[in-house]
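# Next one to model:
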Amino acid sequence: MIPTGFKLYFGIAMAAVTAALIGGWSSGGDLVGPLAAGYKGGIGDWASYSILLGVALVSLIVGGLLTWFRDADAEAVAQAMGTSSIPAGQAPAANSIWPIVAALGVGAIVVGLAVSSLLVGAGLVILTMVAFEWTMTAWADRATADPAVNEKLRDQIMGPFEIPLLGLLAGGVFVLAMSRIFMAAGVTGAVVVGGIVSVAILSVGILLTQKDNLPRGLANGLVGFIAVAVLAGGVWGAIVGPAEHHSEHGDDHGEEHSEDHSEEEASS
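Next up, the predicted model:
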């Protein structure tokens, strides 16, 4: 049976190889060059081609090691080490949202480098928070052998700090993203977007207060969906920029001015 870890790293390797081939062809290489690794034919951008092939090679090596150890299966490890006793397995780590948050922070920095320094600053703040939170989560997962005790221990240590700080950070990012959406949407669009977001937040709040048996995963999914939607809209607004507004009075005045100027030219 092929372990899950090998499937993951084999998929990464295949994606890297595909990206290397496409990059080699699209950057000026011929048809045979990227397939033959430059032995015959030409390759366009050698730097990106080499990096992607290196990623593929490392992924295959890691996948091979995971296959040999059977994803750290206790019996497979004992067989590979040549021991008669089976080493004790480690309890699996708890689910963590921090990889997703880290990806959002990296995305904000990448987009911010081309759009706005505010997004870069927000991404750096997010990554700093993720580094601290992820470290504490990893420590708590290995504090004791009881996952419930580990989660309670982490909440006791981090709760007084992360609740106000996360609330402040989430509020600041939300306000910044909504301001960019309003500026890019114009007067009418800002009213429509504000109404939709307000109704969505109010609906989720009512649902969370009225449904006592609401699954925690569903609640987190609804809140996460709104947060991602607002953040994506803020990125879009930062890319588009402020909308240009022209008042009707200004347009009428411009038309009258142009008509007067035309009459003066005709009379002269």
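# got the domain boundaries for this protein?
According to automatic domain parsing, the chain comprises the domains 4-81, 98-240.
# ok, Thr137 touching Arg154?
Yes: applying CB atoms under 8 Å, one finds Thr137 in contact with Arg154, separated by 6.6 Å. Yep, even glycine has a C-beta here, placed from its N, CA and C like the rest.
# Reformat the domains of the chain as TSV; add mean neighbour count.
Putting these into TSV (neighbours: other CB atoms under 10 Å) gives the following:
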stretch	mean neighbour count
domain 4-81	16
domain 98-240	15
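# ranges for the helices of the stretch 101-250 of the chain?
For the stretch 101-250 of the chain, the helices defined by DSSP state H, counting those that start in this stretch cover 117-141, 147-210, 216-240, 248-267.
# By mean pLDDT, show me the worst of the ones you listed.
For the helices of the stretch 101-250 of the chain, mean pLDDT drops lowest on helix 248-267, to a mean of 50.
# follow-up on the earlier one: mutual contacts of Thr137 and Arg154, please.
Counting by CB atoms under 8 Å, 6 or more residues apart in numbering, Thr137 and Arg154 have no shared contacts at all.
# got a pLDDT number for Leu52?
pLDDT for Leu52: 85.
# Verify the stated contact: it with Met14.
No: between Leu52 and Met14 there is no contact under CB under 8 Å: 11.3 Å.
# and Leu65, helix, strand or coil?
Here Leu65 is recorded as helix under DSSP: H, G, I helix; E, B strand; the rest coil.
# Show me what the helix or strand containing Pro99 is packed up against.
Counting by DSSP states H and E, the element that carries Pro99 is helix 98-114. Using 3 or more CB pairs under 8 Å, 6 or more residues apart in numbering; DSSP states H and E, the elements in contact with helix 98-114 are helix 117-141, helix 216-240.
# Reformat those into JSON lines and put distance to Ala200 next to each item.
Below are the helices and strands packed on helix 98-114 laid out as JSON lines (distance: least, CB to CB, whole Å):
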{"stretch": "helix 117-141", "distance to Ala200": "22"}
{"stretch": "helix 216-240", "distance to Ala200": "6"}
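# Tell me which of the ones you listed approaches Gly24 most closely.
Closest to Gly24 of the helices and strands packed on helix 98-114 is helix 216-240 (CB to CB; 29.7 Å).
# who does that closest one touch, helix- and strand-wise?
Against helix 216-240 (3+ CB pairs under 8 Å, 6+ apart) you get helix 98-114, helix 117-141, helix 147-210.
# what's next to it, contact-wise?
Outside helix 216-240, the residues that touch it by CB under 8 Å, 6+ apart are 97, 104, 107-108, 111-112, 115-116, 118-119, 170, 173-174, 176-185, 193, 197, 200-201, 204, 207-208.
# what does stretch 115-124 give?
105-113, 173, 176, 235, 238-239.
# what would the residues you listed look like in TSV with distance to Tyr39?
What follows is those, written out as TSV (distance: CB to CB, whole Å):
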residue	distance to Tyr39
Gly105	41
Val106	36
Gly107	37
Ala108	41
Ile109	38
Val110	34
Val111	39
Gly112	41
Leu113	37
Val173	50
Leu176	52
Val235	43
Ala238	45
Ile239	42
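# so which of the helices and strands packed on helix 216-240 gets nearest Lys7?
Among the helices and strands packed on helix 216-240, the nearest to Lys7 by CB to CB is helix 98-114 (18.2 Å).
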